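Visitor: Test case, fold it:
(one chain, ligands or ions: 1)
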Amino acid sequence: MDIQTQQLNVQVAVRVRPLSNKELNAKDECCLKNEETRIILPQSGKIFTFDHVFNQDSNQEEIFDSCVTNLVQRCFEGYNSTILAYGQTGSGKTFTMGTLGLDQYSDQNEWGMIPRAVYLLFDEVEKRKQELDQDIIITCSYIELYNEQIIDLLNESTMKSNLQPTIREEKDHTISIQNLTQISVMNPQDMLQILNKGGTHRTTAATQMNLNSSRSHAIFTIYFKINPESEEESLSAKFHFVDLAGSERLKKTLAIGKQMEEGININQSLLVLGN
Ligand SMILES: Nc1ncnc2c1ncn2[C@@H]1O[C@H](COP(=O)(O)OP(=O)(O)OP(=O)(O)O)[C@@H](O)[C@H]1O
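Guide: Presented below is the predicted three-dimensional model:
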C-alpha cells in the first residue's frame, strides 16, 4: 500500500544496501532476509515489520516512486513533509537521499531522492502555472547541524564565522531559524546547482566504516508558496530532506580526537531524536 492510500502520518521504509567491495573482499555475507515488508534475522529468529522493505537489488527510482512521489504532490495541497534518513554509518543514507547533489553521479539511475523530487516538483509547477494559472514561488535552504551548531551551507561568508543562524521558539511555539539564507529558484537545474554547492561545504571525513562519512546532520528544505497574493487561495508548505549523520560505534570507526568528539555529538543527538 502506498503512503497516500494509508494516510498515516509516519511511515518507515528500510533499505538494505548491496555489500561494498570491502565487505565482499572480506567475504562478509548479508545477515538478514527480507520478505515483502518484513525483515528476518535468521540467527535469532527475530522478525520486524515495516511499511516498506527494499532489498539489495532495489533501485533509486523504485524507492522514490513508493515513498516520495506522493509527498511532493501533497506539498502543493499545503501539507508539510519530512523525509529522515536514519541508519548506521556507511549504510547508504547520503546515497539514498542524494544530498551531495548530482556532481557525484555520472549515471542518472543513481540520482537520489532530492534530485528526483526537484525535477518532479518543477514539472508540477509548470503544469499548474499553465493549467490553473497559479502563481508559485519556490525557495530552498540548506543547513548542517555540526557539533550542536547550525551552519548555513548556502552562505559562504558566514560559514566560517560565528554569525551562524540560530534557532528560536516563537510566541506561538513554532520553531524558526533566524538569519537563514533562502534562495528563490525558477528551475530544477538551478536548485540542483545550489544543492551541489551546499553539498561541497558539508563536513565529511574518512572513517574505518565509510571513506566519505558525513559528520553532520544535513537538512535541505524546499518552501512552496502558492498564490501568495490571494487571500482565499494562498497556500504554503515545506518539504524537509534530512540526511542524518550515521550512528557509530567508536570502537568500529576507530575515531580519535576531533572525529571522536563528532561521533559523540552525533550519537547524542540521535538519541535525543529517538527519544
Ligand atoms: N544502494 C546502494 N547501491 C550502491 N552503492 C551504495 C548504496 N548505498 C550506499 N552505497 C555506497 O556505499 C557507500 C556509503 O554510503 P553513504 O555515504 O551513503 O552512507 P551513509 O549512511 O550516508 O554514511 P555516513 O553516516 O557515514 O555518512 C558510498 O560509497 C555509497 O555510494
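Visitor: Give me the neighbour count for the closest residue to the ligand within the stretch 101-250 of the chain.
Guide: Of all residues in the stretch 101-250 of the chain, Gly246 sits closest to the ligand, at 2.4 Å by CB to the nearest ligand atom. All C-beta atoms are positioned from the backbone trio N, CA, C, and that covers glycine. If you count neighbours by other CB atoms under 10 Å, Gly246 ends up with 26.
Visitor: wait, it sits on Ser216?
Guide: No. At 10.9 Å, Gly246 and Ser216 do not qualify as touching, with contact defined as CB atoms under 8 Å.
Visitor: tell me which element the closest residue to Val185 other than its chain neighbours falls in.
Guide: Nearest non-adjacent residue to Val185, counting by CB to CB, 6 or more residues apart in numbering: Met191, 4.5 Å away. For Met191, the element it lies in under DSSP states H and E is helix 188-200.
Visitor: Flag the shaky bits of the stretch 101-250 of the chain, pLDDT-wise.
Guide: For the stretch 101-250 of the chain, the stretches flagged by pLDDT under 70 are 101-106, 160-162, 204-213, 248-250.
Visitor: change it to 90
Guide: Residues of the stretch 101-250 of the chain that meet the criterion pLDDT under 90 lie in 101-110, 145-151, 155-168, 170-179, 197, 199-217, 229-233, 245-250.
Visitor: Okay, helices next: where are they in it?
Guide: 113-132, 156-159, 188-200, 250-253 (DSSP state H, counting those that start in this stretch).
Visitor: Flag every buried residue along the longest one.
Guide: If I follow you right, that is helix 113-132. Under the neighbour-count criterion of 16 or more other CB atoms under 10 Å, helix 113-132 has 113-122, 124-125, 128 buried.
Visitor: which bits of this protein sit near the ligand?
Guide: Proximity of the chain to the ligand (CB under 6 Å from any ligand atom) is limited to residues 17-18, 20, 87, 89-95, 210, 212-214, 245-246.
Visitor: I appreciate the help and will end here.
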